[in-house]
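Enquirer: Sharing a model prediction with you, sequence too.
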Amino acid sequence: MAIVKEFKEFAMRGNVVDLAVGVIIGAAFGKIVASLVSDIIMPPLGMLLNGIDFKDAKYVIKPAIGKTPETAINYGLFINNIIDFLIVAFCIFLIVKGINSLKKKEEAEPAAEPVPTKEEILLTEIRDLLAKK
């Protein structure tokens, strides 16, 4: 029972829950970026490069013979994945940069002067009276 309690405490810590949420959002974001690259960016880029469809771009090492599939290097898919990575990395860079700038603003704000307590005010008055004598 102790291990179950310990696991529950571990799983309910803020960092673990935040990480789980981040992974789920990251997976969804990855699908959006993959769609952006394959459906929006690559078609015009392929058109600019004489109608090349990067999904089908490959170098065939050994053609298919009968039921044996071809052996090929799919460099077009590799190019798509590189572009996916660059977009995701740039978005993460922007998010981290934004978070860091918010942290800098919080650190830059000076702390408000603490309001003196009644005792401090009274002691200050006593000190001032003694200084006058």
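Expert: On my side now, so go ahead.
Enquirer: what's the spatially most central residue of the chain sitting at in phi/psi?
Expert: Centroid check for the chain by C-alpha atoms, centre = their mean gives residue 92 as the closest residue, at 4.0 Å. Backbone dihedrals for residue 92, given as degrees, to the nearest 10, come out at phi -60, psi -40.
Enquirer: what about it, distance to residue 101?
Expert: To residue 101, residue 92 is 15 Å away according to C-beta to C-beta, to the nearest Å. (Glycine included, C-beta is placed from N, CA and C.)
Enquirer: same question, residue 89
Expert: 19 Å.
Enquirer: Then residue 65?
Expert: Taking C-beta to C-beta, one finds residue 65 at 59 Å from residue 101.
Enquirer: buried stuff in stretch 121-129?
Expert: By neighbour count on 16 or more other C-beta atoms under 10 Å, the buried set for stretch 121-129 is empty.
Enquirer: I'd like to know the average pLDDT value across it.
Expert: The average pLDDT within stretch 121-129 is 87.
Enquirer: Which neighbouring elements make contact with the strand or helix carrying residue 6?
Expert: Element membership for residue 6 (DSSP states H and E) is helix 2-11. Applying 3 or more C-beta pairs under 8 Å, 6 or more residues apart in numbering; DSSP states H and E, we find helix 2-11 packed against no helix or strand.
Enquirer: between the helix or strand just after that helix and helix 2-11, how many degrees?
Expert: Beyond helix 2-11 in the direction of the C-terminus, DSSP H and E gives the next helix or strand as helix 14-35. If you take axes from the mean of the first three to the mean of the last three C-alpha atoms, to 10 degrees, helix 14-35 sits at 60 degrees to helix 2-11.
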